[in-house]
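Visitor: one predicted model, sequence on top.
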Amino acid sequence: MNMTMLFIRILFVLCCTVVGYQVGEVNDFNLFWASSGGFVFGLVIIFLEAGMRGISVRGLSSAVFGLILGLIIARLMTSAFFAIFPLDKSMRDITAYLLTLSFSYLGMAIALRGRDEFNLIIPYVKFRRQDEKADTVVLDTSAIIDGRVVDILKTSFVDARLVVPRFVLKELQTIADSSDSIKRQRGRRGLDVLHIIQGDPRYNLVVHEEDFPDTRDVDAKLVRLAKLLEAKIFTVDFNLNRIAELQGVKVLNINELANALKSVVLPGEAIEVKPLKEGKEHNQAVAYFEDGTMVVIEDARRYIGQNVRVVITSVLQTQAGRMVFAKPEVNK
């Protein structure tokens, strides 16, 4: 638990206990029971606060906005109703209570369902310190598990506020608890990556509580949250990349960055490589550049395990990456 929050809770319980003691002293109650009552009251409030951890500030402010709107409408409707239907005092009070409760509930329910459409409530007014980073990046599960995000952050290429949605943490926890050993290892690696990022003071990592319970797909939730926060999505998921771009959300794809940084070679250029294995076709050999780019060499099976100079014949760029085709250099 955060030490600051623990201190605040302890201080709150102590203050409630002192207030209970003072109430007992003023009203001649048993001081022990009065103090105990204050102590228990403080604990109840803390338990309520802990249980509201899944409630987002945006959802709460939407509910408050709806409550205020419902109370205003209830007031107007009550006045109009009584002007049309004169009632005695008891019925007036009952009717006023019912209308107030009904419109308060309806206002809160409608505001919560359409909270994405409220653009003027508190969470949409973005207050920033002058030294706070303006950009926001939402981390996807695949990018966290991939692990390269840590190395990219160290280079300072991404200088933004990092957001990890609560539903992404739940997905990581589910993967880490999987009965499949490979999935379990991937999930634990993702949790370790988040621990490394959170432990480094250079990175501003925030856990966002918004869950979008009406949407079950994690990718759809990520896109909705990114649109809400006007943020970019950090991912290695090709499908999420395309879905987000179609909905106008910017994406930082690690694989696209890696492909952009791969070695640039041109047809006709001569380089030295070391074939490591046979190719799929007859007499082919396969070598790799230091960045992992595959080089397919024609008529080079006999050179496997040896350094050989080759001439680039063509370069093929695919969505999966870059492939280079070459043939052994002919000595003139």
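Guide: Happy to help now that I have it. Numbers count the residues shown, from 1 in each chain.

Visitor: low pLDDT regions in the stretch 51-200 of the chain?
Guide: Low-confidence segments of the stretch 51-200 of the chain, defined by pLDDT under 70: 52-58, 113-134.

Visitor: which stretches in it count as helices?
Guide: 57-84, 89-113, 141-146, 148-154, 166-176, 181-199 (DSSP state H, counting those that start in this stretch).

Visitor: among these, which is the most enclosed?
Guide: helix 141-146 (a mean of 24; mean count of other C-beta atoms under 10 Å). All C-beta atoms are positioned from the backbone trio N, CA, C, and that covers glycine.

Visitor: packing partners for it?
Guide: Packed against helix 141-146 by the contact rule (3 or more C-beta pairs under 8 Å, 6 or more residues apart in numbering; DSSP states H and E) you find helix 166-176, helix 181-199, strand 232-235.

Visitor: how about those in JSON lines, adding distance to Ile254?
Guide: Output for those, formatted as JSON lines (distance: least, C-beta to C-beta, whole Å):
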{"stretch": "helix 166-176", "distance to Ile254": "16"}
{"stretch": "helix 181-199", "distance to Ile254": "12"}
{"stretch": "strand 232-235", "distance to Ile254": "7"}
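
Visitor: which one of the helices of the stretch 51-200 of the chain lies closest to Val273?
Guide: Among those, helix 148-154 comes nearest to Val273, with 25.0 Å by C-beta to C-beta.

Visitor: closest one to Asn259 among the helices and strands packed on helix 141-146?
Guide: Between Asn259 and those, the shortest gap by C-beta to C-beta is with strand 232-235, which sits at 14.6 Å.

Visitor: not counting the closest one itself, show me its contacts.
Guide: With contacts defined as C-beta atoms under 8 Å, 6 or more residues apart in numbering, strand 232-235 is touched by 135-140, 142-143, 149, 158, 160, 162, 222-223, 226, 240-241, 244, 249-254.

Visitor: give me the next element, helix or strand, following it.
Guide: The helix or strand immediately downstream of strand 232-235 is helix 238-246, counting by DSSP states H and E.

Visitor: could you spell out the sheet neighbours of the helix or strand following that next one, each with its direction?
Guide: Proceeding N to C from helix 238-246, the next assigned helix or strand is strand 251-253, under DSSP H and E. Partner strands for strand 251-253, per DSSP bridges, with pairing direction: strand 232-235 (parallel).

Visitor: centre of the chain to the strand it pairs with, how far?
Guide: Distance of strand 232-235 from its chain centroid, counting by C-alpha atoms, centre = their mean, to the nearest Å, is 9 Å.

Visitor: stretch 269-289 now?
Guide: With C-alpha atoms, centre = their mean, you get 42 Å for stretch 269-289.

Visitor: okay, how far is it across that stretch, tip to tip?
Guide: The straight-line separation of the ends of stretch 269-289 (C-alpha to C-alpha, to the nearest Å) is 14 Å.

Visitor: what comes up buried for that stretch?
Guide: By 16 or more other C-beta atoms under 10 Å, the buried positions in stretch 269-289 come out as Ile271, Val273, Pro275, Gly279, Gln284, Ala285, Val286, Ala287.

Visitor: pLDDT on that stretch, on average?
Guide: The average pLDDT within stretch 269-289 is 88.

Visitor: before we move on, the earlier item: which of the contacts of strand 232-235 are buried?
Guide: Neighbour counting with 16+ other C-beta under 10 Å marks 136-140, 142-143, 149, 158, 160, 162, 222-223, 226, 240-241, 244, 249, 251-254 as buried within the contacts of strand 232-235.

Visitor: part of a helix, is Ser314?
Guide: No - using DSSP: H, G, I helix; E, B strand; the rest coil, the assignment for Ser314 is strand, not a helix.

Visitor: count the neighbours of it for me.
Guide: Number of residues near Ser314 (other C-beta atoms under 10 Å) recorded here: 10.
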